[in-house]
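Participant: no sequence for this one, just the structure:
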């Protein structure tokens, strides 16, 4: 995994952590994520309250095309912007960032197009007391 991906995921969990106090209501959310019809094997998904919805950012991991957040770590009830990321190998060899001189590693980069993460317009409605299943069938073009 790239250092940027790990830092992003750690930041999501830190921001999303907290007690089950009197904050905004959260609900469990789960679903499937594909890119061009194939499961996203490993990645992350982030839910950010937007519009009139207020609350904390939360997220989790995508594994074998599936994600699942419990109610304690779930998305805030209301409208949420969704960002999906996944690191993939580019096939290009580059100097190892923390390796010995001359050591080479395969380069990794973002495997999901920006319209689903940094430029995402994906939104879902999280409903109170319902099965919040949200599937994402992403296209690379």
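Facilitator: Thanks, I have it. All values reported here derive from a predicted model rather than from experimental measurement.

Participant: mind showing which ranges of the chain have poor pLDDT?
Facilitator: Counting by pLDDT under 70, the low-confidence segments of the chain come to 1-22.

Participant: Helices of that one, residue ranges please.
Facilitator: Assignment of helices within the chain using DSSP state H yields the ranges 3-16.

Participant: ok now do the residue positioned nearest the centre of the chain, which residues does it touch?
Facilitator: The residue lying closest to the centre of the chain (Cα atoms, centre = their mean) is residue 45, at 1.6 Å. By Cβ atoms under 8 Å, 6 or more residues apart in numbering, the residues touching residue 45 are 33, 59-62, 67, 82-85. Where you see a C-beta, it was placed from the backbone N, CA and C, and this is true even at glycine.

Participant: In PyMOL, how would I select just the buried ones from those residues?
Facilitator: In PyMOL syntax, the buried subset of the contacts of residue 45 is picked out as below (16 or more other Cβ atoms under 10 Å):
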select buried, resi 33+59+60+62+67+82+83+84+85
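
Participant: Can you tell me which of the contacts of residue 45 is nearest residue 52?
Facilitator: residue 82 (17.0 Å; Cβ to Cβ).

Participant: Noted, bye for now.
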